[in-house]
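Asker: the sequence isn't on hand, but the structure is:
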């Protein structure tokens with residue numbers, strides 16, 4: 001079954017997880033939302049053999065990406081989430097941290113139908129300050145926020161994840177750009193999302209989906 005989804009794209013610390021949690025609480029377009037936070041799912045992963053668990057821990061500790069030979073692990077985590085949450089065709093998945101590069105997007109194409117990309121624009125200095133202040137309230141005891149790993153994650157985002165914006169735009173998926181400042185909260189992000197969606201909505205009608213209003 002293919003599930004409709006919204007992809008949150010932004011560097012670490014830009015507020016994806018708080019935004020996903022906000023959407024899960026409030027819903028969108030009258031639809032129930034399920035926030036799939038891949039990082040959180042990795043940190044809580046279970047049901048894998050010892051070798052797989054060691055590998056997943058390395059992924060977390062090194063800020064690495066799952067490539068083609070290991071992507072089956074991500075699919076297992078996603079499938080488990082869908083079953084546990086009993087996601088219905090009328091629900092929306094809020095995808096945070098998956099896909100993280102184009103090869104992953106292609107591997108998920110049969111399973112997820114993206115209706116929008118929410119691109120959180122947040123420069124490196126703003127990211128560092130948001131993390132220092134824990135603006136989103138979700139960074140307590142996060143070892144992957146250590147300065148050296150943070151810089152690595154920002155570089156990986158720029159090189160591997162940011163190109164997903166053009167990838168989905170070229171496939172007709174609406175991309176909503178939201179500027180994120182040091183103190184920006186999820187409600188503000190969604191206000192900007194709705195404003196842009198309403199402004200551009202007429203030009204997004206008539207595609208392969210019945211676009212929500």
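Answerer: Structure received. Everything numeric here is computed off the predicted structure, so don't read it as measured data.
Asker: which residues touch the strand ranked longest in the chain?
Answerer: For the chain, the strand with the greatest residue count under DSSP state E is strand 112-121. With contacts defined as C-beta atoms under 8 Å, 6 or more residues apart in numbering, strand 112-121 is touched by 2-11, 14-16, 19, 92-93, 95, 164-165, 168-169, 173-180, 189, 193, 197, 209, 211-212. For glycine as for every other residue, the C-beta is placed from the backbone atoms N, C-alpha and C.
Asker: list buried residues within those.
Answerer: 3-11, 14-16, 19, 92-93, 95, 164-165, 168, 173-176, 178, 180, 189, 193, 197, 211 (16 or more other C-beta atoms under 10 Å).
Asker: so which of those residues belong to helices?
Answerer: Per DSSP state H, helices hold the following members of those: 16, 19, 164-165, 168, 189, 193, 197.
Asker: could you identify the most distant pair in these?
Answerer: Pairwise distances across these (C-beta to C-beta) peak at 19.3 Å, for the pair 164 and 197.
Asker: number of nearby residues for residue 64?
Answerer: For residue 64, the neighbour count with other C-beta atoms under 10 Å is 14.
Asker: what helix or strand is residue 42 on?
Answerer: Following DSSP states H and E, the helix or strand that holds residue 42 is helix 38-43.
Asker: same for that helix, what does it pack against?
Answerer: helix 50-62, helix 71-85, strand 92-96 (3 or more C-beta pairs under 8 Å, 6 or more residues apart in numbering; DSSP states H and E).
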